[in-house]
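1. the sequence and its predicted three-dimensional model are supplied below.
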Amino acid sequence: MAGRLRPTCNGYPRSQAPNRNVDATVFDQGRQGRPQRLETPRRQEYAHYRFPGLIYGTWSEPAVERIRPIRGNGASRIDPAEWRLAARSGPGHRTEVHAGKVSVGGESFAMIAGPCAVESEAQLNEAAEVVARAGVRILRGGAFKPRTSPYEFQGLGAAGLRLLRKVADRFDLAVVTEVMSDSDVGLVAEYADILQIGSRSMENYALLHAASGSRRPLLLKRGMTATIEEYLDAAEFVLGNGNPDVILCERGIRTFGTATRNTCDLAAVALLHEITHLPVIVDPSHATGMRSLVPAVSKAAVAIGADGLLVEVHPCPERALSDGPQSLTLEQFDEMMRALQPHLEIWARERAAQMADAPALVTAAGAR
């Protein structure tokens with residue numbers, strides 16, 4: 001009959017369809033008028049119809065009776081029990097990570113700031129002086145730079161590490177810097193108080209294994225396309241390798257949006273605090289890629305309960321060899337810190353009340 005649709009199974013007319021099991025997925029309009037994704041186990045003869053309606057596709061009897069929701073469509077999307085070491089054991093379970101004289105995850109908000117890349121002693125010294133005067137206790141700076149283009153600045157390497165340690169000691173600051181290779185862990189740990197695992201390295205398990213044995217806390221950045229589950233898997237890997245000192249960092253994820261460099265997933269900060277006892281900080285510089293947005297996102301991170309911020313600062317961003325557009329000037333950083341003070345005071349009161357009700361589980365990293 002003209003216009004009549006013929007049901008097919010993997011391209012065959014149904015009458016000629018091979019009798020084999022297939023995976024079938026449909027979208028059901030549901031009682032509330034909201035789409036719900038459903039799946040069925042491997043069934044026989046899945047007939048596909050190309051027309052709009054409440055259900056796309058049908059099953060042979062009795063497949064419909066065995067439809068079950070795909071994991072993630074229920075009231076609870078994540079089961080914390082999947083992460084035996086990273087999951088919170090109760091409302092008061094919180095880890096405070098210590099690195100020398102500083103800590104992250106306790107009653108003090110952790111401000112980490114400095115240039116994206118170490119370019120020279122003069123550049124690093126100027127930035128460190130300003131951030132230290134503003135109350136920052138941890139200096140960031142990249143000696144090894146994982147760049148997308150092979151023609152961009154790759155960092156000063158070991159010379160950059162020596163500069164970081166020299167300048168940080170001058171202003172009594174701790175150092176966090178990225179390690180890119182498992183073969184460099186020993187070298188970087190010699191100069192740094194905290195080892196950063198970058199977004200591109202979140203699932204580099206050889207690196208995670210080597211860094212876990214460094215006796216240094218790890219600042220683990222979320223992969224730019226990583227789900228929360230994948231992110232927690234990486235943290236669990238570090239914990240399982242004997243390093244309890246893990247700091248999580250939300251640095252933005254890639255989505256279909258192109259207005260900013262990444263999409264800052266602040267909801268992930270609140271969600272991670274529900275699931276895990278590990279401290280969670282936010283990198284507003286990489287999350288947005290725009291220095292004009294860094295102060296606003298920083299305020300939002302404080303408001304949602306992040307344990308700290310990781311901010312890029314440069315004496316002259318226009319001449320920076322790495323990520324200049326997202327780096328604050330020294331004056332802008334000073335202004336942002338003053339604007340954050342009222343928000344940080346509220347944060348401190350709330351954190352003190354939380355810790356009074358349920359003391360944190362404190363872990364200590366090896367002293368320098």
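-> Yep, it's here.
2. tell me how this protein divides into domains.
-> Residue ranges for each domain of the chain read 19-69, 81-364, as given by automatic domain parsing.
3. ok, and the closest non-adjacent residue to the residue nearest the centre of the chain?
-> Nearest to the geometric centre of the chain sits residue 222, at 2.6 Å (C-alpha atoms, centre = their mean). Here the nearest residue to residue 222 in space, its sequence neighbours aside, is residue 231; by C-beta to C-beta, 6 or more residues apart in numbering that works out to 4.9 Å. Quick note: C-beta positions are derived from backbone N, CA and C, even for glycine.
4. just say helix, strand or coil for that neighbour.
-> At residue 231 the chain is in helix, as set by DSSP: H, G, I helix; E, B strand; the rest coil.
5. quick check: it vs residue 237, distance?
-> 11 Å (C-beta to C-beta, to the nearest Å).
6. of the two, who's got more company?
-> Neighbours per residue (other C-beta atoms under 10 Å) separate residue 231 from residue 237, with residue 231 holding more: 24 against 20.
7. doesn't residue 249 make contact with the more buried one?
-> No. Residue 231 is beyond contact range of residue 249, at 9.9 Å (criterion: C-beta atoms under 8 Å).
8. now for these two: what residues contact both?
-> 220, 222 (C-beta atoms under 8 Å, 6 or more residues apart in numbering).
9. backbone phi and psi for the closest residue to residue 174 other than its chain neighbours, please?
-> Closest residue to residue 174 apart from its sequence neighbours, by C-beta to C-beta, 6+ apart: residue 193 at 4.1 Å. Main-chain torsions, residue 193, degrees, to the nearest 10: phi -90, psi -30.
10. run through who's touching stretch 175-192.
-> 112, 138-146, 158, 160-162, 164-165, 168, 193-198, 201, 204, 206-207, 209-211, 213-216, 219, 310.
11. keep only those of these that are in helices.
-> Mapping the contacts of stretch 175-192 onto helices (DSSP state H) picks out 158, 160-162, 164-165, 168, 206-207, 209-211.
12. kindly supply the PyMOL command isolating those of those residues that are buried.
-> Burial among the ones in helices among the contacts of stretch 175-192 is assessed by 16 or more other C-beta atoms under 10 Å; the matching PyMOL selection reads:
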select buried, resi 160+161+162+164+165+168+207+209+210+211
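13. closest to residue 338 out of the ones in helices among the contacts of stretch 175-192?
-> The closest of the ones in helices among the contacts of stretch 175-192 to residue 338 turns out to be residue 168 (C-beta to C-beta; 23.7 Å).
14. check contacts around that closest one.
-> 128, 139, 174-175 are the contacts of residue 168 under C-beta under 8 Å, 6+ apart.
15. list buried residues within these.
-> Taking 16+ other C-beta under 10 Å as the criterion, what is buried in the contacts of residue 168 is 128, 139, 174-175.
16. tell me which two in these are the farthest apart.
-> 128 and 174 (11.5 Å).
17. shared neighbours, these two?
-> Joint contacts of residue 128 and residue 174 (C-beta under 8 Å, 6+ apart) are 139, 168.
18. how about the contacts made by residue 194?
-> Counted by C-beta under 8 Å, 6+ apart, residue 194 has contacts 99, 138, 174-176, 216-219, 247.
19. mind running it again at 6 Å?
-> 99, 176, 217, 219 (C-beta atoms under 6 Å, 6 or more residues apart in numbering).
20. got these as CSV, with neighbour count columns?
-> Output for the contacts of residue 194, formatted as CSV (neighbours: other C-beta atoms under 10 Å):
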residue, neighbour count
99, 27
176, 29
217, 31
219, 30
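21. picking up where we left off before, backbone phi and psi for the residue nearest to the centre of the chain, please?
-> According to degrees, to the nearest 10, residue 222 has phi -70, psi 140.
22. which residues pair with residue 176 across the strands?
-> residue 140, residue 194 (DSSP bridges).
23. how close does it get to residue 116?
-> Residue 176 is 13 Å from residue 116, by C-beta to C-beta.
24. and the strands in the stretch 51-200 of the chain?
-> With DSSP state E, counting those that start in this stretch, the ranges of strands along the stretch 51-200 of the chain come out as 68-69, 95-99, 102-104, 110-114, 138-140, 174-178, 194-197.
25. mean pLDDT for those: which is lowest?
-> Among those, strand 68-69 has the lowest mean pLDDT, at a mean of 42.
26. excluding residues flanking it in the chain, which one is nearest residue 344?
-> That would be residue 109: by C-beta to C-beta, 6+ apart, it lies 5.5 Å from residue 344.
27. coming back round to it: tell me the one of the contacts of residue 168 nearest residue 92?
-> The closest of these, once distances to residue 92 are taken by C-beta to C-beta, is residue 174, at 26.6 Å.
28. so the closest one touches residue 98, yeah?
-> No. With contact defined as C-beta atoms under 6 Å, residue 174 and residue 98 do not form a contacting pair (10.1 Å).
29. what pLDDT does residue 155 get?
-> According to the predicted model, the pLDDT of residue 155 comes to 86.
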